[in-house]
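Peer 1: Kindly generate the corresponding structure for this input.
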Amino acid sequence: MLKCPEGNEADYVKKYQEAAAPDREDKTDEAGSRQAIYFQYQRMMRYRGRWHLEKRAVLPGYIFLSGRETAAWKRQMPISLKPCETPFLKNLCPEGDVVGMSRGIIKNGIPVVTSGPLQGKEYLIRKIDRHKRTAEIEIPLEGRKQRVTVGLEIYEKQI
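Peer 2: Here you go, the predicted structure:
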């Protein structure tokens, strides 16, 4: 995991990918085994009279790196990395690095997710903002609990 300035996650991912390209000194490892990810979530925003699907950073200021450091990486980005476990967020977006929009209902005060990555994982939800169409979930990160925001549209409330 690498801390970087908020809003610059994409730039750091690009720098890492350039540095992770195989060089003359690193012939044993393939470039495909090293990657950088910054997780994003989809969220609905209303402007200009229409709903739009936007992406925002789940953990602003953090990117996750996999693979080992190469000589080129150490020359271009002279920092030390702290190893961490595979991020729990990978479970919410198995096909990439974007946590998709979830949809659900509130039944007798309890959220029931009917579609999306939070389906079956309602136990993670700590807070729902129906107006912003988001939910705060609690995930394990570096041995502690971290609250992050993801997209959740509640389209019905049943009593």
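Peer 1: Report the residue spans of this protein with pLDDT below the cut-off.
Peer 2: 20-33, 67-86 (pLDDT under 70).
Peer 1: For it, which segments count as helices?
Peer 2: Secondary structure of the chain (DSSP state H): helices at 9-20, 71-76, 89-92.
Peer 1: gap between the residue positioned nearest the centre of the chain and Leu89?
Peer 2: Centroid check for the chain by Cα atoms, centre = their mean gives Phe39 as the closest residue, at 2.3 Å. For Phe39, the distance to Leu89 (Cβ to Cβ, to the nearest Å) stands at 5 Å. For glycine as for every other residue, the C-beta is placed from the backbone atoms N, C-alpha and C.
Peer 1: And Pro111, by the same measure?
Peer 2: Separation of Pro111 from Leu89 (Cβ to Cβ): 19 Å.
Peer 1: next one: Arg133
Peer 2: 19 Å.
Peer 1: State whether Ala57 and Gln42 are indeed in contact, as I suppose.
Peer 2: No - counting by Cβ atoms under 8 Å, Ala57 sits too far from Gln42 to count as a contact (11.9 Å).
Peer 1: what's the longest strand that the chain contains packed up against?
Peer 2: Counting by DSSP state E, the longest strand found in the chain is strand 144-158. With contacts taken as 3 or more Cβ pairs under 8 Å, 6 or more residues apart in numbering; DSSP states H and E, strand 144-158 sits against strand 40-47, strand 102-107, strand 110-115, strand 125-129, strand 134-141.
Peer 1: Let me have those strands in a markdown table, extended by mean neighbour count.
Peer 2: Listed next are the helices and strands packed on strand 144-158 as a markdown table, based on neighbours: other Cβ atoms under 10 Å:
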| stretch | mean neighbour count |
| --- | --- |
| strand 40-47 | 16 |
| strand 102-107 | 18 |
| strand 110-115 | 14 |
| strand 125-129 | 14 |
| strand 134-141 | 19 |
